[in-house]
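>>> mind folding the following:
(2 chains)
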Amino acid sequence: MNTLSLSLVRRLALVAMLAAMTGCVTTTMPAPAPSAANAEKLRSAKFVPAQVGTFKLAAGKPADMDTSMTFRASTVKPVNGSYAGQLRDEIAAELNAAGLLDPKSKSVIEGQLTDSMADTGMSVGKARLAAKIQVKRDGQTVFDKEIVADSTWESSFVGAVAIPAARNQYTALYKTLVGKLFDDVDFKRAMAPQ
Amino acid sequence: MFALRDLARRAALCTFLAGSALLGGCASVYLDGTTKEVQASQFKKPASPAPVQLLFEFQTKGVANAQATAMLRDRVVDQVKASGLFSEVGSNAVPSGALLTITLNNVPLTDNAFSKGFVTGLTFGLAGSQVSDGYVCTANYHATRDSATVIKQARHAIHTTVGAAATPGNATKMSNGKEAAYLMTQQVVSNVLNDLSQDANFK
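Okay, the predicted model is just below:
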């Protein structure tokens, strides 16, 4: 083994030790809160007030997709035990801050979580969040589409660098997905005053 | 072998940074001295302050960072409340449609793609054992639902050194990273609030 290889082995061993020191942590996602970007979208959208109905895991998906997300040895839990519920609460928080949440509205937004994944990677990280969203007005479905948010970022060997980055990227997807929903032309049509 | 050498270099850098974070005793945190706090007494107060909806977001390289947002939000809200620029400050929409959004974007100054705009004005001694973080604070203000956006921006930086590195010039040593983050936020937000208050379109 040449000098470079020996040096590499020593460095990688140190990296592994540091990574291990930062692992095995369970955290909870922050409570949903309105975001500046989505508030701007809602200002220009002119939606009717709506209520937010049931959000659950889509049929056929593994149950743990809705309850647990692991970044190497670190776990992130949704606020109320369900990622579908987290998405519901994100939408409700945005609508509420814009004065567009009305529990008695005839327009109801519902959803099913179809994908929730994150890969911290060694050099590139990836995360994806997807949900089928429906808008029902007077019981009739006026919008039904899958909305997808994904991201890739430069990751790292080292858990202390890779885990917080992945956790942040994954958490941010909730606001990104909600923003994509608010931007969707068909959603805008479904939420427009009649 | 080139790829292996590159990998080793990256691993060593990551180890250095991770080690610095974990072994906090070796790292010193400095708040850049270029951006000074503007006291609320210097703001140009409106004749009749109005209610405003305030939304704050911390970002990391432009991506929403919910943990940091939660850590800083209450302080920013309190600062805007104490500014005297608005009669009421809350997170819900107000009847007039007045909206103030403040975003604080953390950009690594060691990354060429993000460091543009920081090179002049701020302390910039990127020696091997110094890491600098830049912060771009942007305030967007709408006086009413249909009014044009008034945009103000200010920048700040926090420097971290490891071991016996030289002290960054024009910077104040902080007791820890949290104190630096709190003071940096207070100072940079005071600048965008002051700029906003001086704008002719701020009503």
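>>> which residues in the chain form helices?
You didn't pick a chain, so chain A it is. A:3-21, A:36-45, A:83-97, A:159-183, A:185-190 (DSSP state H).
>>> nope, chain B
B:2-22, B:66-81, B:112-115, B:177-198.
>>> is the longest one in proximity to chain A?
It stands for helix B:177-198. No - using Cβ under 8 Å from any Cβ of the partner chain, helix B:177-198 stays clear of chain A, with a minimum separation of 13.1 Å. To be clear about C-beta, it is placed using only N, CA and C from the backbone, and glycine gets the same treatment.
>>> in that helix, what counts as buried?
Across helix B:177-198, burial judged by 16 or more other Cβ atoms under 10 Å in any protein chain shown covers B:180-181, B:183-185, B:187-197.
>>> and those residues, which is closest to residue B:109?
Within those, the smallest distance to residue B:109 is 13.4 Å, found for residue B:184 (Cβ to Cβ).
>>> follow-up on the earlier one: pick out the shakiest of the helices of chain A, pLDDT-wise.
When the helices of chain A are compared by mean pLDDT, helix A:3-21 comes last with a mean of 44.
>>> nearest residue to the middle of chain A?
residue A:174 (3.1 Å; Cα atoms, centre = their mean).
>>> my guess is that residue contacts residue A:127. True?
No - the pair residue A:174 and residue A:127 fails to qualify as a contact (Cβ atoms under 8 Å) at a distance of 10.7 Å.
>>> skip the chain neighbours and tell me the closest residue to the residue positioned nearest the centre of chain B.
Note on chain B: the residue nearest the mean C-alpha position is residue B:135, at 3.9 Å, using Cα atoms, centre = their mean. Closest residue in space to residue B:135, ignoring its immediate chain neighbours: residue B:156 at 4.6 Å, by Cβ to Cβ, 6 or more residues apart in numbering or on different chains.
>>> measure that neighbour to residue B:70 for me?
According to Cβ to Cβ, to the nearest Å, residue B:156 and residue B:70 sit 20 Å apart.
>>> who's more crowded, those two?
In this view residue B:156 and residue B:70 are compared by other Cβ atoms under 10 Å in any protein chain shown, and residue B:156 has more residues nearby, 24 against 13.
>>> contacting residues for the more buried one?
Contact partners of residue B:156, counting by Cβ atoms under 8 Å, 6 or more residues apart in numbering or on different chains, are B:31, B:32, B:34, B:35, B:122, B:134, B:135, B:137, B:184, B:187, B:188.
>>> count the neighbours of the residue nearest to residue A:96 when sequence neighbours are not counted for me.
Spatial nearest neighbour of residue A:96, excluding adjacent residues (Cβ to Cβ, 6+ apart): residue B:92 at 7.0 Å. Using other Cβ under 10 Å, the number of residues around residue B:92 comes to 13.
>>> you'd agree residue B:92 is up against residue A:93?
No - the pair formed by residue B:92 and residue A:93 falls short of the contact definition of Cβ under 8 Å, at 10.5 Å.
>>> what about stretch A:132-151, near chain B?
Yes - looking at stretch A:132-151 against chain B by Cβ under 8 Å from any Cβ, the contacts come from residue A:151.
>>> what's the span of that stretch, first residue to last?
End-to-end span of stretch A:132-151 (Cα to Cα, to the nearest Å): 19 Å.
>>> show me which positions of it end up buried.
Buried, per 16+ other Cβ under 10 Å, within stretch A:132-151: A:133, A:134, A:135, A:136, A:137, A:142, A:143, A:147, A:149, A:151.
>>> contacts only, for the nearest residue to residue A:30 once chain neighbours are set aside.
Spatially, and ignoring its direct neighbours in sequence, residue A:30 is nearest to residue B:66 (4.0 Å; Cβ to Cβ, 6+ apart). Contact analysis of residue B:66 by Cβ under 8 Å, 6+ apart lists A:29, A:30, A:33, A:168, A:171, A:172.
>>> ok, now residue A:192?
Per Cβ under 8 Å, 6+ apart, neighbours of residue A:192: A:46, A:47, A:48.
>>> of all those, which comes closest to chain B?
For the contacts of residue A:192, the residue nearest chain B by Cβ to the nearest Cβ is residue A:46; the value is 9.9 Å.
>>> ok, that closest one - contacts?
So residue A:46 contacts A:192, A:193 (Cβ under 8 Å, 6+ apart).
>>> one more time with 7 Å, if that's ok
By Cβ atoms under 7 Å, 6 or more residues apart in numbering or on different chains, residue A:46 lies in contact with residue A:192.
>>> the one 3 residues further on now?
By Cβ under 7 Å, 6+ apart, the contact list for residue A:49 reads A:100, A:101, A:102, A:105.
>>> how confident was the prediction at the residue lying closest to residue A:152 once chain neighbours are set aside?
Among residues not flanking residue A:152 along the chain, residue A:126 sits closest, at 5.1 Å (Cβ to Cβ, 6+ apart). Residue A:126 carries a pLDDT value of 95.
>>> ok, what's across the strand from residue A:126?
Beta-bridge pairing for residue A:126 (DSSP bridges): residue A:119, residue A:152.
>>> isn't the residue nearest to the centre of chain B right up against residue B:104?
Yes - in this structure, residue B:135 is within contact of residue B:104 by Cβ atoms under 7 Å, at 5.7 Å.
>>> shared neighbours, the two?
Counting by Cβ under 7 Å, 6+ apart, the contacts common to residue B:135 and residue B:104 are residue B:188.
>>> so how many other residues sit close to residue 43?
Using chain A. 16.
>>> can you look at chain B instead?
The number of residues packed near residue B:43 is 19, by other Cβ under 10 Å.
>>> report the contact partners of residue B:193.
Residues near residue B:193 by Cβ under 7 Å, 6+ apart: B:43, B:80, B:83, B:85.
>>> now with 10 Å, please.
Contact partners of residue B:193, counting by Cβ atoms under 10 Å, 6 or more residues apart in numbering or on different chains, are B:38, B:40, B:43, B:79-80, B:82-85, B:100, B:102, B:137, B:139, B:141, B:152, B:154, B:202.
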